[in-house]
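Asks: Compute the structure for the input listed below.
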Amino acid sequence: MENKEAISAAIQAQFDQQVDFLQRLVRARSTNPFTPETATPDVPVEREAALVTQHELQRLEFDAQLVGVSSQRPNVLCHIPSAGETKRTLILTTHLDTVDASEHYTRDPWGAQIEQGRLYGVGTADAKAQITAFIYALHALRKAGIELTGDVTLAFVVDEETGACSPYGARYLLEQGLLHGDAAIVGEPGDGKIATAHRGLYRFRLHMKGEATHTGVSAWEQGRQGRNAILDMARLAVALSENPLPASHSDVFPHRQSVLTFPTLIRGGSGINIVPGSCDAYGDARLLPGLSAEEVKQFLREQLASLSLENYSIEDLLVVPAAETNPQADIIQTLAAAVEMVTGVRPRLEGSGPACDGWMFTTRGIPTVCGYGVKCGGVHGADEWADLESLRKVTEVYALTILYFLHGTIL
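Replies: Numbering: from 1, shown residues only. Purely as a prediction, here's the structure:
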């Protein structure tokens, strides 16, 4: 309890600085316009936010480096060694990039205004609030005079919003051997639960080939020439709307299911007087553990065969497997106990619908929290906000979790 009081006091004493840092981060634009197939390392999407983050870490006397596949899209990497013998290493990570501002914003999307205890702006909650909470949790531990008995690595990464599959962010750091640990927390927004898992994600492009011809020729009106590729695609879309993906179940995803949304985008035809000779449609599948992208493709092939549609091809655009960590893992239980200590409420332990970088760690045997962060609203929509009192509490939760996980003690 003495540690908790000292940590809480240190956070409170520095909280105005933390909020100022969050405002500067929100004003540092890091809108990511790319999709997985168009993402490039040559455009400085997150560079401004990375520099603001690095500067704040250095101001607080942490050694922070910019590391990436290019200087234009650097990840921020900061290693805080233990004061003595290292028992464990904890990874704290989230992303620097944001989605674009919705056209329905009623405030300046990058103004970082504070109104009635909420800070507004693109990326405020997803996920810049968690960047500040991780950093100021470590700063509070230092200010409270608490020596860590393990190592902490901060990794603030690029290109997550393209679909949590980028080779430039967390995966780059892992593959380069720059990121390793005994557990990880991915700082995604929302304080209603601790995400012990996330659904998988499969996105694809389906190309349907028909036969183009002029709509005015007799061969078309007599059915001897031409095939409407858009109409064939429409037949598939109707069939998929009437036949859901095979049922699957996961205890960590109560009341959730695997779902295929098709089409989410469709293009076809070349002229108003031409029978469409080709059509491209895009699909998005969210998958519970136990259902793979390959099984979704087989499901698509079966539906196409049932409609006697043979002239098609399927191109994978994004494949992210579902991630899952045992709810009894030390990192999950330590975080849950810290939440209860700070808020008085034991959090739910459930899976998260949206995907994140968590799978990159769980597939390497690293137990991972796939989301816990600030109370918020408007994420990926208009007038995104983060609750500042929640930010203070989440910072304290993170600090206690760091302390007790590294010590190997469940609260």
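Asks: now the helices: where do they sit in the stretch 51-200 of the chain?
Replies: 129-143, 170-175 (DSSP state H, counting those that start in this stretch).
Asks: Contacts for the longest one next, please.
Replies: So that's helix 129-143. For helix 129-143, contacts defined as CB atoms under 8 Å, 6 or more residues apart in numbering pick out 7, 10-11, 13-15, 17-18, 21-22, 25, 53, 56-57, 60, 62, 80, 92, 94, 96, 119, 148, 152, 154, 156, 187-189, 373-374, 376, 386, 391, 394-396, 398-399, 402-403. The way it works is simple: take the backbone N, C-alpha and C, and place the C-beta from them, glycine included.
Asks: Just the buried subset of those, written out for PyMOL, thanks.
Replies: Selection of buried members from those for PyMOL, criterion 16 or more other CB atoms under 10 Å:
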select buried, resi 7+10+11+14+15+18+21+22+25+53+56+57+60+62+80+92+94+96+119+148+152+154+156+187+188+189+373+374+376+386+391+394+395+396+398+399+402+403
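Asks: Retrieve the pLDDT associated with the closest residue to Lys87 other than its chain neighbours.
Replies: The spatially closest residue to Lys87, leaving aside those adjacent along the chain, is Gly150, at 4.8 Å (CB to CB, 6 or more residues apart in numbering). The model reports Gly150 with a pLDDT of 95.
Asks: give the contact list for Cys356.
Replies: 160, 164, 186, 188, 198, 370-371.
Asks: Strands along the stretch 101-250 of the chain, start to end?
Replies: 114-115, 118-120, 151-157, 183-186, 193-198, 200-209 (DSSP state E, counting those that start in this stretch).
Asks: now those strands in TSV, with distance to Ile331?
Replies: Compiled in TSV, those are given as follows (distance: least, CB to CB, whole Å):
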stretch	distance to Ile331
strand 114-115	32
strand 118-120	28
strand 151-157	13
strand 183-186	4
strand 193-198	10
strand 200-209	21
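Asks: Need the winner for burial among the ones you listed.
Replies: Stretch with highest mean neighbour count among these: strand 183-186 (a mean of 28; mean count of other CB atoms under 10 Å).
Asks: Quick check: Asp280 touching Ile266?
Replies: Yes: look at Asp280 against Ile266 with CB atoms under 8 Å: they come within range, at 7.2 Å.
Asks: what about the closest residue in space to Phe156 that isn't next to it in sequence, neighbour count?
Replies: Nearest residue to Phe156, sequence neighbours excluded (CB to CB, 6+ apart): Val76, at 4.2 Å. By other CB atoms under 10 Å, 26 other residues sit near Val76.
Asks: before we move on, what about the one 10 residues further on?
Replies: By the other CB under 10 Å criterion, the neighbourhood of Thr86 contains 14 residues.
Asks: Thought Gly150 was touching it, still the case?
Replies: Yes: counting by CB under 8 Å, Thr86 does reach Gly150; the two are 5.4 Å apart.
Asks: Output the longest helix belonging to the protein.
Replies: helix 2-27 (DSSP state H).
Asks: So which elements touch that helix?
Replies: Helices and strands touching helix 2-27, by 3 or more CB pairs under 8 Å, 6 or more residues apart in numbering; DSSP states H and E, are helix 47-59, strand 118-120, helix 129-143, helix 388-407.
Asks: and of the ones you listed, who's closest to Ala285?
Replies: helix 129-143 (27.2 Å; CB to CB).
Asks: Quick one: mean pLDDT over the closest one.
Replies: 98.
Asks: Determine the angle, from 0 to 180 degrees, between that helix and helix 2-27.
Replies: 140 degrees (axes from the mean of the first three to the mean of the last three CA atoms, to 10 degrees).
Asks: low-confidence ranges in the protein?
Replies: 1, 411 (pLDDT under 70).
Asks: Would you mind splitting it into its domains for me?
Replies: 2-199+322-407, 200-320 (automatic domain parsing).
Asks: in this protein, which residue is closest to the centre?
Replies: Residue closest to the average C-alpha location in the chain (CA atoms, centre = their mean): Cys356, at 3.2 Å.
Asks: Who are the contact partners of the residue nearest to Lys87?
Replies: Contacts of Gly150 (CB under 8 Å, 6+ apart): 82, 86-90, 405-407.
Asks: make it 10 Å
Replies: Contacts for Gly150 (CB atoms under 10 Å, 6 or more residues apart in numbering) come out as 80-90, 181-182, 402-403, 405-408.
Asks: for Val252, same thing?
Replies: 195-198, 288-289, 322, 324-327, 349-352.
Asks: which SS state does the nearest residue to it once chain neighbours are set aside fall under?
Replies: Using CB to CB, 6+ apart and skipping the chain neighbours, the partner closest in space to Val252 is Gly351 (4.3 Å). With DSSP: H, G, I helix; E, B strand; the rest coil as the basis, Gly351 sits in strand.
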